[in-house]
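Chemist: Whatever this is, show me its structure:
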Amino acid sequence: METNNLSYWETTNFYNSDVLIVGSGIVGLNAAIAIKSMAPKLAVTILDRGFLPSGASTKNAGFACFGSISELIEQEKTAGTDGLFQLIEKRWMGLQKLRDIAGDQNLAFENNGGFELFTSEQQPLQQECVSKIGHYNQILKEITGTANVYRPIKNSSNRFGFNGITGMISNSLEGQLDPGKMIKTLIAKATSLGAVILNSCEVRSFKTEQQRVIVQTSQGTFGAKKMLCCTNAFANQLFPKIDLKPGRGQVLITKPIEGLKLKGTFHYDKGYYYFRNVGNRVLLGGGRNLDFFTEQTHQFGETPLVQHTLLRLLKDVILPSTPFEIEQKWSGIMAFGPQLTPIIEEVEPNVFCAVRCNGMGIAIGSQTGQEAGEMVASSL
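Modeler: Model prediction:
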């Protein structure tokens, strides 16, 4: 498109809006849905640099989870018990909100349970996690109303055909979904309310002038009363001082495997590895802890170190006696920070951010988007 040959109709209807949202992932779409639900007459435009949403919203593993025991232990050290309670509550509320907005069928949501795996070398970690089950079950009961969410499991390897796994802890409330269907459904919801989504439009810079935000993009200059950045790990490209760092997650998926025993979502090594069934395929991701420095990047791609480790985990532990072939590999970029809560704030006059989901975008994205959308709509 030649941006110097725009018509009056184009500049009026596409290049000027009340709210300009940067990022069409789970947070940006939920923010648009919240704004249009609160104030239907507001003009809302969403821009995304990619042909499809960039980042992690359609590239993650599709875990509808709020944390394994070992993850919660580490997070409680950072946030404290009260802070962790609030985090889990936000994640649980976010998951329920997502399911309410999209519908389980549209998400391909399945509640097959979650499982944290332990090897004999991880016995001290396993013992610590088992000792905390009562503590976290009490927290989950207060939040969800469900008792005994976490349970220890014996003879776990025989159930799924694993090798070298000596212990497991199950999570009865963990589910799985299809991130592609999730985003398609949220796009349909946002556009049905009147939001406009423009893809392949990279935001390069912005400035505020006379109570208006002027945004320079690869497709020309946009204007809005308010701007909301929902680009998660990519936010510091527009806001260099924002307190977050990117973290790449490498993922692979097998071709269909006849008679696959594995069903559910699985966490291994404090959640740094994660896998699940996708029908009769196995999806496996993780390994950024092998080289945090290299994986702290905005660049999509894969590394031999992580890929070899994932393949070895598949061959030696997950599918030790089952032939398999890899069908596809990809990566997504998450955002992490010293605090576990997302950043939802007005960072400059008329400019807002809703970013830093700390690897829990599916769980916390809908709630984060709604909170940000309500903040922006209330400011108009």
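
Chemist: Just after the helix or strand of the chain with the lowest mean pLDDT, pick out the following helix or strand.
Modeler: Across the helices and strands of the chain, the lowest-confidence element by mean pLDDT, DSSP states H and E is helix 156-160, at a mean of 71. Downstream of helix 156-160, the next assigned helix or strand under DSSP states H and E is strand 165-171.

Chemist: before we move on, what SS does residue 97 have?
Modeler: helix (DSSP: H, G, I helix; E, B strand; the rest coil).

Chemist: Could you count how many residues lie near the closest residue to it other than its chain neighbours?
Modeler: Counting by C-beta to C-beta, 6 or more residues apart in numbering, residue 366 is the residue found nearest to residue 97 once chain neighbours are left out, at 4.3 Å. No exception for glycine: its C-beta is placed from N, CA and C like everyone else's. Residues near residue 366, counting by other C-beta atoms under 10 Å, number 29.

Chemist: How is the chain partitioned into domains?
Modeler: Per the record, the chain has its domains at 3-59+180-243+340-378, 70-176+244-336, by automatic domain parsing.

Chemist: With respect to burial, which of those scores highest?
Modeler: Among the domains of the chain, ranked by average contacts under mean count of other C-beta atoms under 10 Å, first place goes to domain 3-59+180-243+340-378 (a mean of 20).

Chemist: What does residue 67 show for phi and psi?
Modeler: Dihedral pair for residue 67: phi 130, psi 130, per degrees, to the nearest 10.

Chemist: Correct me if wrong: it contacts residue 88.
Modeler: Yes. Using C-beta atoms under 8 Å, residue 67 is in contact with residue 88, at 6.8 Å.

Chemist: How about residue 276: what's its closest non-neighbour residue?
Modeler: Leaving aside its chain neighbours, residue 276 sits nearest to residue 265 (4.5 Å; criterion: C-beta to C-beta, 6+ apart).

Chemist: what residues are up against the one you found?
Modeler: Contacts for residue 265 were tallied using C-beta atoms under 8 Å, 6 or more residues apart in numbering; they are 61, 63, 65, 112-115, 174-176, 274-276.

Chemist: what are the bridge partners for it, then?
Modeler: residue 114, residue 276 (DSSP bridges).

Chemist: Could I get the pLDDT score of it?
Modeler: As predicted, residue 265 sits at a pLDDT of 97.

Chemist: Show me what stretch 136-144 is in contact with.
Modeler: Stretch 136-144 is touched from outside by 69, 72, 84-85, 88-89, 92, 146-150, 173, with contacts defined as C-beta under 8 Å, 6+ apart.

Chemist: Tell me how confident the model is about that stretch, as a mean pLDDT.
Modeler: Regarding stretch 136-144, the rounded mean pLDDT is 97.

Chemist: what's the spacing between that stretch and its chain's center?
Modeler: 23 Å (C-alpha atoms, centre = their mean, to the nearest Å).

Chemist: can you check stretch 118-131 too?
Modeler: Put simply, stretch 118-131 sits 27 Å off its chain's centre (C-alpha atoms, centre = their mean).

Chemist: swap in stretch 327-338?
Modeler: Using C-alpha atoms, centre = their mean, the offset of stretch 327-338 from its chain centre is 9 Å.

Chemist: can you list the residues that contact it?
Modeler: Contacts of stretch 327-338 (C-beta under 8 Å, 6+ apart): 55-56, 59-60, 78, 232-235, 243-255, 281, 297-298, 300-302, 307, 343, 355-359, 361.

Chemist: Helices of the stretch 1-150 of the chain, residue ranges please.
Modeler: Ranges of helices in the stretch 1-150 of the chain, per DSSP state H, counting those that start in this stretch, are 8-14, 26-38, 69-102, 104-107, 123-131, 133-144.
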